[in-house]
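Mind folding the following:
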Amino acid sequence: MADKKRVFVKTYGCQMNVYDSQRIGEALISEGYDITGSPDSADLILVNTCHIREKAVEKIYSELGRYKKVKDKSPELKIGVMGCVAQAEGKEIIRRQPLVDLVVGPQSYHRLPKMLRNVEAGEKAIDIDFPTEDKFLYLPKTKKKKLPPAAFLTVQEGCDKFCAFCVVPYTRGSEASRSPVHLLAEARSLVEKGVVEITLLGQNVNGYSYIRHNEDWGLARLISELAKISDLKRIRFTTSHPNDMTDSLIKLFGTEEKLMPYLHLPIQSGSDRVLKAMNRRHSVEHYLRILSRVRESRPDVAISGDFIVGFPGETEADFQATLELCEDVKYAQAYSFKYSSRPGTPAAKLKEIGEDTKSERLSRLQSLLMQHQKQFQQNMIGRRYSVLIEKEGKEQGQVVGRSPYLQPVFLQGSLDLLGKIIPVEMKSYRTNSLEGKMI
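Predicted coordinates:
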């Protein structure tokens, strides 16, 4: 019997890319491949790419350049590029890096096995279509009998918001929501294999909308139905847009105990002028009103956000408005980046701010955000929280769990705690994690 071929999958970007890579891996196992953790031992290398930032794109080409040495040693090695860079650049990837054999966009992953057969026949394969079918229905479910306690589940893809800086509508397509019937079935299958926490994913996850039997399923209803799965203990969702924070979803934070008290709600800027230029279609006041209502519904909720610093035309006064917003909200966690022009977006036509100004502002913002994150974690010390134990730690007798607010929690404990939710008293904190003691 011939040895199985081995595939190495390298993933960049968001949780949705992680989820996609997992499903692709399962599909290739069904095609007779084994998963390997090293490109040097692979017969097939797949790079799942992110196109959100310029440096991320250049990193992909740098990664592909490193694989040239691997291909020189193993001429039969096949290399594929998947994801948003694949969707955006298409044939240009093969022109720029001829060692690439396959380019496939994020909506065509279910066509990958056929594409690989064409590649094995000596062809170059490119598929950057936007098929109407749900790709996940054509990708096989995992055959593993046991899964880690926390899992992702993509419920929605694409975006119709067309923020001026963002490539997602062009690389992931328009908003499309998956059938609740299929999602509930997949969730039950995950839970049967040991999953107790599911994070619902979408480029605009709270825009989830599916018409079934003339009824519109929104995200709140989907979460409520998922919560009926008895052995599913925790539900999260990300990433959301302020304009789709419905009344029912806000109220659910106060009524559904399985919905974790954590909301990632990006605003990008604290200046109404900049928000308008970004085509965000909401004001700072509207955003703050949403947060106020969420906190009224769930007083212990933690808020995280995203910020872009140095958007074209941003003045010092605009940036000061962002700092003031952060002082007002006091984010438990936030992600912040310098503006990066993406080809094909409306903002790419605008005159950019100097790199030094961007860097200086980003440093000031991150200093403030880190201060607020530190305060949030300090306030947890001495208190007890439910922690889901997810994996073994690096130290002897150590396990690692996840707090309701997504921080990693390190504590002493045995491996029979894996998959269990236990009470933990927080003893100390690090920059992005906590140390606790099991009660």
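
Grab the nearest non-local neighbour of residue 146.
Excluding the flanking residues, the one nearest residue 146 by C-beta to C-beta, 6 or more residues apart in numbering is residue 194, at 5.2 Å. Where you see a C-beta, it was placed from the backbone N, CA and C, and this is true even at glycine.

Quick check, that neighbour in contact with residue 148.
Yes: taking C-beta atoms under 8 Å as the definition, residue 194 is a contact partner of residue 148 at 7.5 Å.

Helix, strand or coil: sort out residue 334 for me.
Put simply, residue 334 is strand when judged by DSSP: H, G, I helix; E, B strand; the rest coil.

Begin at 230 from now on, thanks
Yes, from this point I'll number from 230; that puts the last item at residue 563.

quick one: contacts for it?
Each residue near residue 563 by C-beta atoms under 8 Å, 6 or more residues apart in numbering is listed here: 533-536, 555, 598, 601-602.

Which of those residues fall in strands?
Taking DSSP state E, the ones among the contacts of residue 563 that sit in strands are 533-536.

List buried residues within those.
Buried by 16 or more other C-beta atoms under 10 Å: 533-534, 536, out of these.

need the strands for the stretch 430-579 of the chain, in chain order.
Under the criterion DSSP state E, counting those that start in this stretch, strands of the stretch 430-579 of the chain are mapped to 438-441, 444-447, 463-467, 491-493, 531-538, 562-567.

Those strands: which one's closest to residue 356?
Closest approach to residue 356 among the strands of the stretch 430-579 of the chain (C-beta to C-beta): strand 438-441, 25.8 Å.

residues in contact with that closest one?
The contact list for strand 438-441 (C-beta under 8 Å, 6+ apart) reads 404, 406-410, 445-447.

one more time with 7 Å, if that's ok
Residues from elsewhere that reach strand 438-441, judged by C-beta atoms under 7 Å, 6 or more residues apart in numbering: 406, 408-409, 445-447.

Pull the most distant pair out of those.
The most widely separated members of the contacts of strand 438-441, counting by C-beta to C-beta, are 408 and 447 (14.0 Å).

Those two: which has the busier surroundings?
Neighbours per residue (other C-beta atoms under 10 Å) separate residue 408 from residue 447, with residue 447 holding more: 18 against 15.

Residue 441 versus that one, what's the distance?
The gap separating residue 447 from residue 441 is 12 Å, by C-beta to C-beta, to the nearest Å.

Residue 609 now?
Relative to residue 441, residue 609 is positioned 41 Å away (C-beta to C-beta).

and if you look at residue 305?
Taken as C-beta to C-beta, the span from residue 305 to residue 441 is 47 Å.

Now do the contacts for the closest residue to residue 364 other than its chain neighbours.
Using C-beta to C-beta, 6+ apart and skipping residues adjacent in sequence, the residue nearest residue 364 is residue 339, 4.3 Å away. By C-beta under 7 Å, 6+ apart, the contact list for residue 339 reads 364, 367-368.

Can you report phi and psi for residue 339?
Dihedral pair for residue 339: phi -70, psi -10, per degrees, to the nearest 10.

The strands of the stretch 430-579 of the chain: which one's closest to residue 581?
Checking the strands of the stretch 430-579 of the chain against residue 581 by C-beta to C-beta gives strand 562-567 as the closest, at 10.1 Å.

At which residues are the helices of this structure located?
Using DSSP state H, the helices of the chain run over residues 244-259, 283-302, 312-318, 320-325, 341-349, 397-400, 409-421, 448-455, 476-484, 501-506, 513-526, 545-558, 584-607.
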